[in-house]
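J.: predicted coordinates and the sequence they were generated for:
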Amino acid sequence: MDQLFLYGAPTFFIDSDHEKIIAFSSRHAGPSDNPVKKAVSIFYAVRDQIRYDPYEIPNHQEGFKASRILTESKGFCVSKAVLLAACLRAQSIPARLGFADVKNHLTTPKLKAKMGTDLFKWHGYTDIFLEEKWVKATPTFNLSMCQAFDVLPLEFDGREDSVFHPFDAKGQRHMEYVEDHGHFADLPWVRLMEAYRIAYPGYFESGGISGDFNAEAKALHPDK
């Protein structure tokens, strides 16, 4: 029970007590009192209303706060996992952050060139306590981006893990989980940024890079 309390309390990054987080989560939790239904509804709101953008890795702590991510309505995998955790905690649903290294077989030439690899270190997802067990939820890719990349969108029913598909809609390699880094009650910002700066020195040169990931995806798949 102590751990569940820990995973339900607001933190610096998972600021579930922020008025914007409370309002957004309440609006999308739906009328049901069932935690599973609430979690599922909030998952889809975060998945599709917050645009996935791998060029949005903040280089300062404030940029990783859930309320800031909600305001900007875009972010990369860790950002969206933080926001989902905050929205769930705001509805009294215990949630924590999980991290794993994943090999991404679908990326854009520009992003891969800057990162220097297709291995995404410390990919973030949300772990949710529902019906007396933990289930993984990955709200990373919004529906429109999945359609642009011809990737199967991740669904979530609140009872089974929602993790990246190993193959895309055409049967090509998509995601491969390489190493698990465990779970955390709040974002381990120092460890995260140290890992990113070591793995992707080119990404953080001159204050980072900019780009339109969705436009790049559409350029690779003009028929979409």
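T.: It's in.
J.: mean confidence score for the lengthiest strand in the chain?
T.: What stands out as the longest strand in the chain, according to DSSP state E, is strand 119-130. The average pLDDT within strand 119-130 is 94.
J.: likewise for stretch 32-39?
T.: For stretch 32-39, mean pLDDT rounds to 96.
J.: and stretch 109-116, by the same measure?
T.: Averaged across stretch 109-116, the pLDDT comes to 76.
J.: outside of it, which residues touch it?
T.: Residues outside stretch 109-116 that contact it (C-beta atoms under 8 Å, 6 or more residues apart in numbering) are 54-55, 107, 118, 199-203, 209, 211, 213, 216. Glycine gets a C-beta too; all of them are placed from N, C-alpha and C.
J.: list the buried residues for that stretch?
T.: Using 16 or more other C-beta atoms under 10 Å as the test for burial, stretch 109-116 gives 111, 114-115.
J.: need the residues you listed in TSV with secondary structure and distance to P139, can you?
T.: Formatted as TSV, the buried residues of stretch 109-116 follow (DSSP: H, G, I helix; E, B strand; the rest coil; distance: C-beta to C-beta, whole Å):
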residue	secondary structure	distance to P139
L111	helix	20
K114	helix	24
M115	helix	22
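J.: which one of the residues you listed is nearest to V40?
T.: In terms of C-beta to C-beta, no member of the buried residues of stretch 109-116 lies closer to V40 than L111, at 30.3 Å.
J.: measure that closest one to F76 for me?
T.: 11 Å (C-beta to C-beta, to the nearest Å).
J.: need the overlap of contacts for these two.
T.: In contact with both L111 and F76: 54-55, using C-beta under 8 Å, 6+ apart.
J.: so what does H181 have for phi and psi?
T.: When quoted as degrees, to the nearest 10, the phi and psi of H181 stand at phi -110, psi 0.
J.: now, the contacts of stretch 109-116 that are in helices?
T.: 199, 213, 216 (DSSP state H).
J.: just the element for H28, please.
T.: H28 belongs to helix 19-29 when assigned by DSSP states H and E.
J.: what comes up buried for that helix?
T.: Residues 21-22, 24-25, 28-29 are the ones in helix 19-29 that count as buried (16+ other C-beta under 10 Å).
J.: okay, those in CSV with distance to P153 next?
T.: Output for the buried residues of helix 19-29, formatted as CSV (distance: C-beta to C-beta, whole Å):
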residue, distance to P153
I21, 24
I22, 27
F24, 21
S25, 21
H28, 17
A29, 21
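J.: of all those, which comes closest to S144?
T.: Within the buried residues of helix 19-29, proximity to S144 (C-beta to C-beta) peaks at H28, which comes in at 18.0 Å.
J.: for that closest one, give me its contacts.
T.: With contact taken as C-beta under 8 Å, 6+ apart, H28 is in contact with 41-42, 44-45, 87.
J.: go again with 6 Å.
T.: H28 makes contact with 41-42, 45 under the criterion C-beta atoms under 6 Å, 6 or more residues apart in numbering.
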